[in-house]
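Build me a structure from this.
(one chain, ligands or ions: 2)
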Amino acid sequence: MQPGSEASRRIARINSHLHPPVSQLEETSLLRRADCRSKGGASGFKVAILGAAGGIGQPLALLMKMNPLVSVLHLYDVVNAPGVTADISHMNTGAVVRGFLGQPQLEDALAGMDLVIIPAGVPRKPGMTRDDLFNINAGIVKTLCEGIVKCCPKAIVNLISNPVNSTVPIAAEVFKKAGTYDSKRLLGVTMLDVVRANTFVAEVLGIDPRDVNVPVVGGHAGVTILPLLSQVSPPCSFTPEEISYLTDRIQNGGTEVVEAKAGAGSATLSMAFAAAKFADACLRGLRGDAGVVECSFVASQVTELPFFASKVRLGRFGVEEVLPLGPLNEFERAGLEKAKKELSSYCQWRCLSLPGFLEHATSGKDYSGIMA
Ligand SMILES: NC(=O)c1ccc[n+]([C@@H]2O[C@H](COP(=O)([O-])OP(=O)(O)OC[C@H]3O[C@@H](n4cnc5c(N)ncnc54)[C@H](O)[C@@H]3O)[C@@H](O)[C@H]2O)c1
Ligand SMILES: O=C(O)C[C@H](O)C(=O)O
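Residues are numbered from 1 along each chain as shown. Ligands and ions are numbered 1, 2, ... in the order given. Next up is the predicted model:
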């Protein structure tokens, strides 16, 4: 480019506008982004994050923008999506980032997505259980899933919003009602339990946490979180005291963070790390990689319960196989009974088939009055 030429004057004028927010930049620049030659996003997967401006959503957006398997990243929230999008979009990695704000833009955010990750919803405060979030989060999840039904019914859905033990059955019910349900494509994210288990076990053993893999089965709340310490890789053994300490710490890892944050929310950074790891596994499965196995809360026949977390093999269509629990020791068999009892006591599960329950339960009102 010749110094002093019209082109160089244009670029200088554009640079002088680089300070205003992105929306103003679009209006004032001579070269609008829409006119740029590179459109990006040539190959790879299209991923949407719903709740992208939240405590989990923001670091998760950052991590997904760094994932080379992602070519298009849609960031949707009911607040602050433009700001997060402008910020993340300046990272010089491959994915093209677009932001979407509020319900009127939900359908555009979802159109054509391969993977939808949902961390939208309210987090716990000290003294609350995850189940206390149901009345608000079930309604949010229902609305978002209705968008998925319309715009990307074949997408893989990674559901993070709590209580996962209930939001996954709610999402399944929304998809069933619309006739788009495919149990292989709906995955509750329990990866943080595995991430925590790997970290705590590595601490006890004095080894690198990246070398540890602990299967964690059941669900995602209290005693429903069941680490299978007899199946740790690499093979190892624990004293009864170590087993008791590890089981308790893994089951209460979420509460440990909620209490440490003292009212400022629940796990966000470790959750974003776990969600990004899990999403990457789903994308590798979609790509056709062999042997991608992670734990997830899915429709299952591993126990008599309709949904259960266990190891699943991920493939081109989502969950290709729900793997059996494997041999359990006596402590784990007792833990499994407790987990199943707790999981089956979730009233939402018992009531899902009642006429009108889905609408009532997701209206934000107390649903206990219509329980059988
Ligand atoms: N599965 C897990 O292991 C796990 C771990 C940690 C947190 N969580 C859960 O994830 C959820 C989010 O946690 P957080 O810390 O990010 O909360 P947060 O409040 O920081 O962020 C939630 C975001 O969701 C957005 N939101 C609310 N309603 C929405 C809607 N209708 N559509 C789109 N976005 C909407 C909010 O604007 C906010 O930006 C909570 O329910 C929390 O309990 C799950
Ligand atoms: O504990 C919470 O409420 C958030 C999350 O489920 C967690 O395990 O950290």
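
State which one residue of the stretch 51-200 of the chain is found closest to ligand 2.
Per C-beta to the nearest ligand atom, the residue of the stretch 51-200 of the chain with the smallest distance to ligand 2 is Arg124, at 3.8 Å. C-beta coordinates here come from the backbone N, C-alpha and C atoms, glycine included.

same question, the stretch 201-350 of the chain
Evaluated by C-beta to the nearest ligand atom, the stretch 201-350 of the chain has Gly254 as its residue closest to ligand 2, separated by 2.3 Å.

And for that residue, the neighbour number?
24 (other C-beta atoms under 10 Å).

can you pull out the helices in the chain?
Listed in chain order, the helices of the chain (DSSP state H) span 6-16, 22-28, 57-65, 81-89, 106-110, 134-151, 164-178, 191-205, 240-251, 253-261, 269-287, 330-344, 347-351, 357-361.

For those, give me JSON lines that also has mean pLDDT and distance to Ser310.
Formatted as JSON lines, the helices of the chain follow (pLDDT from 0 to 100; distance: least, C-beta to C-beta, whole Å):
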{"stretch": "helix 6-16", "mean pLDDT": "43", "distance to Ser310": "54"}
{"stretch": "helix 22-28", "mean pLDDT": "36", "distance to Ser310": "44"}
{"stretch": "helix 57-65", "mean pLDDT": "99", "distance to Ser310": "24"}
{"stretch": "helix 81-89", "mean pLDDT": "98", "distance to Ser310": "34"}
{"stretch": "helix 106-110", "mean pLDDT": "98", "distance to Ser310": "29"}
{"stretch": "helix 134-151", "mean pLDDT": "96", "distance to Ser310": "22"}
{"stretch": "helix 164-178", "mean pLDDT": "95", "distance to Ser310": "14"}
{"stretch": "helix 191-205", "mean pLDDT": "98", "distance to Ser310": "11"}
{"stretch": "helix 240-251", "mean pLDDT": "98", "distance to Ser310": "16"}
{"stretch": "helix 253-261", "mean pLDDT": "98", "distance to Ser310": "19"}
{"stretch": "helix 269-287", "mean pLDDT": "98", "distance to Ser310": "14"}
{"stretch": "helix 330-344", "mean pLDDT": "97", "distance to Ser310": "11"}
{"stretch": "helix 347-351", "mean pLDDT": "57", "distance to Ser310": "17"}
{"stretch": "helix 357-361", "mean pLDDT": "69", "distance to Ser310": "26"}
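
export those helices to TSV and tack on distance to Arg98?
Putting the helices of the chain into TSV (distance: least, C-beta to C-beta, whole Å) gives the following:
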stretch	distance to Arg98
helix 6-16	21
helix 22-28	11
helix 57-65	11
helix 81-89	7
helix 106-110	8
helix 134-151	14
helix 164-178	24
helix 191-205	26
helix 240-251	37
helix 253-261	31
helix 269-287	18
helix 330-344	38
helix 347-351	34
helix 357-361	31
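
Of all the ones you listed, which one is nearest Pro234?
Closest approach to Pro234 among the helices of the chain (C-beta to C-beta): helix 191-205, 9.0 Å.

Close to ligand 1: what parts of the stretch 51-200 of the chain are there?
51, 53-57, 77-79, 119-124, 133, 137, 140, 143-144, 160-162, 164, 189, 192 (C-beta under 6 Å from any ligand atom).

Next up, the contacts around the closest residue to ligand 1 within the stretch 51-200 of the chain.
As assessed by C-beta to the nearest ligand atom, ligand 1 sits closest to Gly54 within the stretch 51-200 of the chain, at 2.0 Å. Gly54 makes contact with 77, 119-120, 268, according to C-beta atoms under 8 Å, 6 or more residues apart in numbering.

Between these, which sits nearest Val319?
Pro119 (20.2 Å).

What count of nearby residues applies to the closest one?
In terms of burial, Pro119 registers 27 neighbours under the definition other C-beta under 10 Å.

Run through the bridge partners of His74.
Beta-bridge partners for His74, by DSSP bridges, are Ala48, Arg98.

From what I see, it and Ala61 are in contact.
No. In this structure, His74 sits apart from Ala61 without contact. The criterion is C-beta atoms under 8 Å, and the distance is 9.8 Å.

before we move on, the earlier item: which PyMOL command selects the buried ones in the residues of the stretch 51-200 of the chain next to ligand 1?
Here is the PyMOL command that selects only those of those that count as buried (16 or more other C-beta atoms under 10 Å):
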select buried, resi 51+53+54+55+56+57+77+78+119+120+121+122+123+124+133+137+140+144+160+161+162+164+189+192
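
which ones among the residues of the stretch 51-200 of the chain next to ligand 1 are found in strands?
Those of these mapping onto strands are Asp77, per DSSP state E.

if we can go back for a sec, check contacts around the residue of the stretch 201-350 of the chain closest to ligand 2.
So Gly254 contacts 124, 130, 192, 266-267 (C-beta under 8 Å, 6+ apart).

Give me the pLDDT for Ser345.
Ser345 is assigned 84 on the pLDDT scale.

ok, now how distant is the closest residue to Pro163 other than its chain neighbours from Val79?
The shortest distance from Pro163 to any residue other than its chain neighbours is 4.0 Å, reached at Arg130 (C-beta to C-beta, 6 or more residues apart in numbering). When C-beta to C-beta, to the nearest Å is the yardstick, Arg130 and Val79 sit 23 Å from each other.

and of the contacts of Gly54, the nearest to Asp289?
Taking C-beta to C-beta as the measure, Asp289 lies nearest Pro119 of the contacts of Gly54, at 24.7 Å.

Now for that closest one: which residues touch it?
Neighbouring residues of Pro119 by C-beta under 8 Å, 6+ apart: 49-52, 54, 56-57, 60, 160-161, 271, 275.

Count residues in the vicinity of Ala290, would you?
Residues near Ala290, counting by other C-beta under 10 Å: 8.

so who does it touch?
The neighbourhood of Ala290, defined by C-beta under 8 Å, 6+ apart, contains no residues.
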